[in-house]
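*Asks:* Got a sequence here, can you build the structure:
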Amino acid sequence: MSGNGNRPGKGAAHSVGEFPENATEATPPPDRTQGHSRPWGRAMNALVRKPVVVGEACADPVEVFRLRCASRAKLWHTGQIDLHNAVDELQHSAEASGLIDPIGQNAVQGLMVEAFAPLRDDLLKFEDIEPEPTFAKLCREADEKQRRKLPDPRLERLRRLMDNDVSIERAWHKIDPNDRAAASTVEALMFSLRRGINELTQPSTLRRLSTLDEYQLEDVCLCVQAFQQRIAPAWSAADVDLFISAWRKFRGQR
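*Replies:* Now for the predicted structure:
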């Protein structure tokens with residue numbers, strides 16, 4: 001219509017300064033006091049432009065896990081969760097977030113201990129945690145434990161029988177469980193040895209002596225050195241050496 005000169009026609013261009021290009025706010029209505037008329041129709045809404053995010057700060061995964069550990073520790077301390085569930089949740093969280101690869105499993109466990117230790121007295125401090133034992137370390141510990149053990153006389157005897165200069169027949173004769181003196185023979189020998197070292201000149205004593213095995217010989221040597229004075233004089237170390245030498249001689253002749 002041409003009757004209203006103040007209403008802009010369809011497609012008419014706006015004057016510069018009335019609607020600036022790329023405006024971020026609605027242009028305020030013209031001031032009537034300066035001779036301008038208000039545009040026809042409803043007022044326009046203000047244009048809102050979302051601010052551009054230049055960069056977002058990335059949280060430190062270690063600090064995030066430390067806070068998560070502290071939270072689980074408080075929940076456990078107040079009785080809302082048990083310790084095993086708390087530790088399992090934290091372990092799964094560390095695995096899911098990929099924290100184990102950069103810092104290692106020991107450091108992850110250290111962060112857990114750091115959170116739970118102030119609330120529990122029976123947990124180790126972080127600096128007290130030892131690295132996971134390796135196979136070589138376990139082998140060294142086993143070897144050291146074996147060295148501290150006292151030697152087994154039976155095993156030592158069997159090892160000697162495995163020497164190259166020991167025949168199969170001799171080894172079999174040595175390990176035969178029947179190759180030892182009867183208890184009655186040992187008692188008779190002990191009774192005769194009360195008369196002293198000169199008893200080794202008697203054939204019956206030497207025959208009984210030759211039937212002893214190493215363990216029986218050791219027991220007899222201990223007994224003759226512990227004779228009570230009211231029974232018989234105790235044997236000296238020199239007498240025991242002669243007794244052992246006689247046993248070796250006549251034992252080998254069997």
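*Asks:* residue boundaries of the helices in the stretch 101-250 of the chain?
*Replies:* 105-116, 135-148, 153-161, 168-175, 183-192, 203-210, 214-225, 237-252 (DSSP state H, counting those that start in this stretch).
*Asks:* Show me the shaky parts of the stretch 51-200 of the chain.
*Replies:* 51-58, 120-136, 138, 169-170, 172-179 (pLDDT under 70).
*Asks:* circling back: let's have the helices of the stretch 101-250 of the chain in TSV, adding distance to Leu83 and mean neighbour count.
*Replies:* Bear in mind the C-beta positions are built from the backbone N, C-alpha and C, glycine included. Output for the helices of the stretch 101-250 of the chain, formatted as TSV (distance: least, CB to CB, whole Å; neighbours: other CB atoms under 10 Å):
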stretch	distance to Leu83	mean neighbour count
helix 105-116	8	19
helix 135-148	28	9
helix 153-161	46	12
helix 168-175	55	12
helix 183-192	60	14
helix 203-210	68	16
helix 214-225	54	16
helix 237-252	63	14
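*Asks:* so which of those comes closest to Leu75?
*Replies:* Closest to Leu75 of the helices of the stretch 101-250 of the chain, according to CB to CB: helix 105-116, at 10.9 Å.
*Asks:* tell me what that closest one is packed against?
*Replies:* With contacts defined as 3 or more CB pairs under 8 Å, 6 or more residues apart in numbering; DSSP states H and E, the packing partners of helix 105-116 are helix 61-77, helix 83-96.
*Asks:* Hey, what's the angle from that helix to helix 61-77? Just curious.
*Replies:* 50 degrees (axes from the mean of the first three to the mean of the last three CA atoms, to 10 degrees).
*Asks:* rewinding a little: tabulate the helices of the stretch 101-250 of the chain in JSON lines, adding columns for distance to Trp76.
*Replies:* Below are these laid out as JSON lines (distance: least, CB to CB, whole Å):
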{"stretch": "helix 105-116", "distance to Trp76": "7"}
{"stretch": "helix 135-148", "distance to Trp76": "32"}
{"stretch": "helix 153-161", "distance to Trp76": "51"}
{"stretch": "helix 168-175", "distance to Trp76": "61"}
{"stretch": "helix 183-192", "distance to Trp76": "66"}
{"stretch": "helix 203-210", "distance to Trp76": "73"}
{"stretch": "helix 214-225", "distance to Trp76": "59"}
{"stretch": "helix 237-252", "distance to Trp76": "68"}
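*Asks:* Nearest to Ser93, out of the ones you listed?
*Replies:* If you check each of the helices of the stretch 101-250 of the chain against Ser93 by CB to CB, helix 105-116 wins as the nearest, at 9.5 Å.
*Asks:* Output that closest one as CSV, nothing but the C-alphas.
*Replies:* Only the C-alpha atoms of helix 105-116 are listed here, as CSV (Å, rounded to 0.1, in the frame of the first residue of the first chain):
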residue,chain,number,x,y,z
GLN,A,105,49.9,-51.7,39.2
ASN,A,106,52.1,-51.0,42.2
ALA,A,107,51.4,-47.3,42.0
VAL,A,108,47.6,-48.0,41.7
GLN,A,109,47.7,-50.1,44.9
GLY,A,110,49.8,-47.4,46.6
LEU,A,111,47.0,-44.8,45.9
MET,A,112,44.5,-47.2,47.4
VAL,A,113,46.6,-47.7,50.5
GLU,A,114,47.2,-44.0,50.8
ALA,A,115,43.5,-43.5,51.0
PHE,A,116,42.7,-46.4,53.4
